[in-house]
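**Student:** have a look at this prediction, sequence included:
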Amino acid sequence: MTLTKADLIDSVQSSLDMPRHKCSQVIESMLEIIKKTLEKDEDILISGFGKFCIKDKRKRRGRNPATGEDLMLDARKVVIFKCSGVLRDKINGDGDQA
C-alpha cells in the first residue's frame, strides 16, 4: 500500500485534531520547503528518519528498450534518500531489543 498526500493529511488531522484545510496547508508547506531546499542543492536531514541528498549523475550510454537503439543519456541530478540508523532498525525489527 502506498501512503498518499491525502493519507498524510488525514493522519495529521486525527493526531492534532485540526481542521482538514489547516492540515492540508501544513503538509503542502512542508513539501514546498523540501522542494525549494533541494532545488538549491542543499541536503535535508530529518533526525530519526533520514537524509535527502542531491547526487550528480554523469553523462552515460543507454539503450532504448523498445528499439534496442544506443543513445547518450545527459548528465543530470537525482534525489537520493539515506535512511537513518534508527529507522533502519525499526524497519528490520531491531528497535525492540534496546
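**Tutor:** Okay, I see it.
**Student:** count the residues that sit near the closest residue in space to residue 94 that isn't next to it in sequence.
**Tutor:** By the measure of Cβ to Cβ, 6 or more residues apart in numbering, the closest residue to residue 94 outside its immediate chain neighbours is residue 88, 7.9 Å from it. For every residue, glycine as well, the C-beta is placed using N, CA and C. Residue 88 has 13 neighbouring residues, counting by other Cβ atoms under 10 Å.
**Student:** and stretch 11-26, how far out from the chain's middle?
**Tutor:** Stretch 11-26 has its average C-alpha position 21 Å from the chain's average C-alpha position, going by Cα atoms, centre = their mean, to the nearest Å.
**Student:** got the buried residues for that stretch?
**Tutor:** Neighbour-count burial for stretch 11-26 flags 12, 13, 23, 24, 26 (criterion: 16 or more other Cβ atoms under 10 Å).
**Student:** which one among those residues gets closest to residue 45?
**Tutor:** Using Cβ to Cβ, residue 26 comes nearest to residue 45 of the buried residues of stretch 11-26, at 20.0 Å.
**Student:** quickly find the element holding that closest one.
**Tutor:** Using DSSP states H and E, residue 26 sits in helix 20-39.
**Student:** now the helix or strand just after that helix: mean pLDDT?
**Tutor:** As assigned by DSSP H and E, the chain's next helix or strand after helix 20-39 is strand 44-46. For strand 44-46, mean pLDDT rounds to 97.
**Student:** tell me how far strand 44-46 lies from the chain's centre.
**Tutor:** Taking Cα atoms, centre = their mean, one finds strand 44-46 lying 10 Å from the centre of the chain it belongs to.
**Student:** fine by me, thanks again.
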